[in-house]
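*Asks:* give me the fold of what follows.
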Amino acid sequence: MPRLRAWPFALTLAFASSLAPRIQAAPTEPGGLTNPLVPATTCTNCHSFGNAQIHQDDPLYAPFLGWQGSLMANSARDPVFWANLAIADQDEPGGTIDCVRCHAPRAFLEGRGDATTMDELQPDDLGGVECELCHRAMEDVGVALGNARYTLDDTLVGDTVPRRGPWDYSDGVSEPPHPYIADPHVGSSEACGTCHDVTTPRERVDDDGVGMGIPFNEQRTYSEWANSAYAIEGDGFRSCQDCHMPAVTDVAGCMANTNAGDTHPTGGRRHDLAGANRFMLQLMRGLYGQDGSNQVDDFYYDVAIENVDAVLATAATLEVTAPAQVDLGAGLDALEVVVTNESGHKLPTGYSEGRVMWIEVVARHGDTVVWSSGVWTQGAGIEQDTQLRTYRGHAEDHADGTVFHLLRNNHWVEDTRIPPRGLVADIETDPVSGRYVPLQDGTWPHYDTVQYTFAGNPDIVDATPDDADDDVLQLDVSLLYLINTPEYVQFLADDNVTNEAGNDVLTLFEDAGGATPLVLATQSLTIPITGFAGVGDTSGGTTTAADSSTGTPADSSGSTDPVSPPTGAGTSSSGPAADDAGGDGCGCHGGPDGRAAPWWLVGVIALGRRRRRR
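*Replies:* All right, here's what the predicted structure looks like:
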């Protein structure tokens, strides 16, 4: 590998200026780089270091420490990716190159884009979305964003291609030992849009199977942001990086700066790159960490899991309104839940196959469950009931209703994922359902209002009739999110006739006890109750809220059951629990809008019963 050496500040700035007006209009293709990507392991020498003294108690911000355990760094190691890829290649032989282009860019650039198993990659390919892919990426205004159509700088300064980043070093901090270019593109949402809009070749069709004249919009995370209020310059602007790469002031750029006590006052960002797939990080820690192949130290996965928890704690809020008192015999009505999307894209977003977010409601008296909806049972799945409220993107092959087959999808059966704030009408990002109604300004509501009614349950016995203090109903409402439902994991095994990737994933999930839902938000209320079996109405009181915080949504008229935002007594709201969920719905029983349960969730498969293809 060429030796890195320092380049004078004036020379680097002059070089950067010469590149400013450059318009390529040609993404980098296999064999297109004269100067290959420098392996990410090279970057660890300078970009792994402890925080400066003023940030000693803050999350780690050294780029390599955040990146190495993230799913960006492990995108080429993800076993579910390879299991899905095998089936996609069965459906469309040779049609998965764009998948590898995104998940294993070095393999694609070096001519291994036709790989259908991880075994076909070279060791350096396993770096996934690696350092130089982003830090050599250039704005290419002539190339539409999406499908990993990145354009990489390949022009040497001396014997090295410059790294692009946020700093021009005019703040007096010593320059790095390699050429650099101050380029705002690497810190822009457009850089993320390079990969986070995905379009497949099949023509999208409407509910009647009539072609719509556009290719299928499989993922639109970037476009969801670009069409939202967060993309509008001003006080409300928030980029992808603002959530997924939090800014840090007075940050060192490298180990030498840290040792010298030099920090940049602005422009620094943590390389958390956190999404929602916490369970996969746990699985990969077992596969590739110290108890597995020892390719990645457990420390990095632990850091990544903490970063996932942090970003998901900002994804959503719940607001719950309930009666001040409940008569068990009369039932529980006027229970209202408002779920507000606080992220900059749909919630959930991204790849939709086998993913579902839903509301779980559980009302207990002591240890007795009085009423419930959407209860999750590990190993069994989601409770099916007529009030179950789910949020998902459900796609199919319209010709025969086949689901989960990525490259066969051409029709959105429904898309009930919650829009981001201020999402404007656009066929590429509109919800697909009758659930949401545009607001007066023409944008989609970024919240969903759900009303629950539970019939009387007169058989509840007061276990302590002499103690009126415990005559209460404990109401717990949670917003849960599951990536890789049991049905989807089973599909990966059943439909793969090419290799063992699907069976391997099924075994991996079963051995771990199955994927566990993430808690995006949760709220608890304690409500006085009367009407116990054989007892008259003797209680009274007011609702008390536990674990309460703020988070009031705007006008709620965009829900299936339009109501005003909940206010007053019995109202409680909460942000997401720190134990995770989000980034990125599939399936379940219909909610109050009356839709029937999708077939794949009606018969939930117990994880202990393997139905393996052999």
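
*Asks:* pull the number of nearby residues for residue 390.
*Replies:* For residue 390, the count of nearby residues is 25 (other Cβ atoms under 10 Å). All C-beta atoms are positioned from the backbone trio N, CA, C, and that covers glycine.

*Asks:* thought it was touching residue 357?
*Replies:* Yes - using Cβ atoms under 8 Å, residue 390 makes contact with residue 357 at a distance of 7.0 Å.

*Asks:* doesn't residue 190 make contact with residue 139?
*Replies:* Yes - contact criterion Cβ under 8 Å: residue 139 and residue 190 qualify, at 6.9 Å.

*Asks:* show me where the stretch 201-350 of the chain has helices.
*Replies:* Using DSSP state H, counting those that start in this stretch, the helices found in the stretch 201-350 of the chain span residues 221-226, 240-244, 255-260, 278-288, 298-312.

*Asks:* format those as TSV; extra columns: mean neighbour count.
*Replies:* Below are those laid out as TSV (neighbours: other Cβ atoms under 10 Å):
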stretch	mean neighbour count
helix 221-226	25
helix 240-244	19
helix 255-260	15
helix 278-288	21
helix 298-312	21
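
*Asks:* compare the ones you listed and give me the one nearest residue 364.
*Replies:* In terms of Cβ to Cβ, the element of the helices of the stretch 201-350 of the chain nearest to residue 364 is helix 298-312, at 26.1 Å.

*Asks:* what is the orientation angle of the closest one with helix 278-288?
*Replies:* 170 degrees (axes from the mean of the first three to the mean of the last three Cα atoms, to 10 degrees).

*Asks:* look up how far residue 59 lies from residue 305.
*Replies:* 12 Å (Cβ to Cβ, to the nearest Å).

*Asks:* three-state assignment of residue 496?
*Replies:* Put simply, residue 496 is coil when judged by DSSP: H, G, I helix; E, B strand; the rest coil.

*Asks:* isn't it up against residue 89?
*Replies:* No - counting by Cβ under 8 Å, residue 496 does not reach residue 89; the two are 10.0 Å apart.

*Asks:* per-domain residue ranges of the protein.
*Replies:* The chain breaks down into these domains under automatic domain parsing: 9-312, 317-486+519-585.

*Asks:* any chance of these in CSV, plus distance to residue 512 and mean pLDDT?
*Replies:* Shown next, in CSV, are the domains of the chain (distance: least, Cβ to Cβ, whole Å; pLDDT from 0 to 100):
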stretch, distance to residue 512, mean pLDDT
domain 9-312, 6, 94
domain 317-486+519-585, 11, 84
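
*Asks:* out of these, flag the one nearest residue 507.
*Replies:* Taking those one by one with Cβ to Cβ, domain 9-312 is closest: 10.2 Å.

*Asks:* got the end-to-end distance for stretch 230-247?
*Replies:* Counting by Cα to Cα, to the nearest Å, you get 17 Å between the two ends of stretch 230-247.

*Asks:* residues of it that come out buried?
*Replies:* 230, 231, 238, 239, 240, 241, 243, 244, 245, 246, 247 (16 or more other Cβ atoms under 10 Å).

*Asks:* same check, this time on stretch 200-216
*Replies:* 200, 202, 204, 205, 216.

*Asks:* and those residues, which two are the farthest apart?
*Replies:* Greatest spatial distance among the buried residues of stretch 200-216 (Cβ to Cβ): 200 and 205, at 12.8 Å.

*Asks:* if we can go back for a sec, okay if I get the buried residues of stretch 230-247 as a markdown table plus distance to residue 97?
*Replies:* Below are the buried residues of stretch 230-247 laid out as a markdown table (distance: Cβ to Cβ, whole Å):
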| residue | distance to residue 97 |
| --- | --- |
| 230 | 32 |
| 231 | 30 |
| 238 | 33 |
| 239 | 29 |
| 240 | 25 |
| 241 | 28 |
| 243 | 30 |
| 244 | 26 |
| 245 | 28 |
| 246 | 34 |
| 247 | 35 |
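
*Asks:* quick one: which two of those are the most distant?
*Replies:* 231 and 246 (18.6 Å).

*Asks:* hang on, the earlier thing: now render the helices of the stretch 201-350 of the chain as TSV, adding distance to residue 93.
*Replies:* Below are those laid out as TSV (distance: least, Cβ to Cβ, whole Å):
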stretch	distance to residue 93
helix 221-226	28
helix 240-244	34
helix 255-260	47
helix 278-288	27
helix 298-312	34
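
*Asks:* cheers, nothing more for now.
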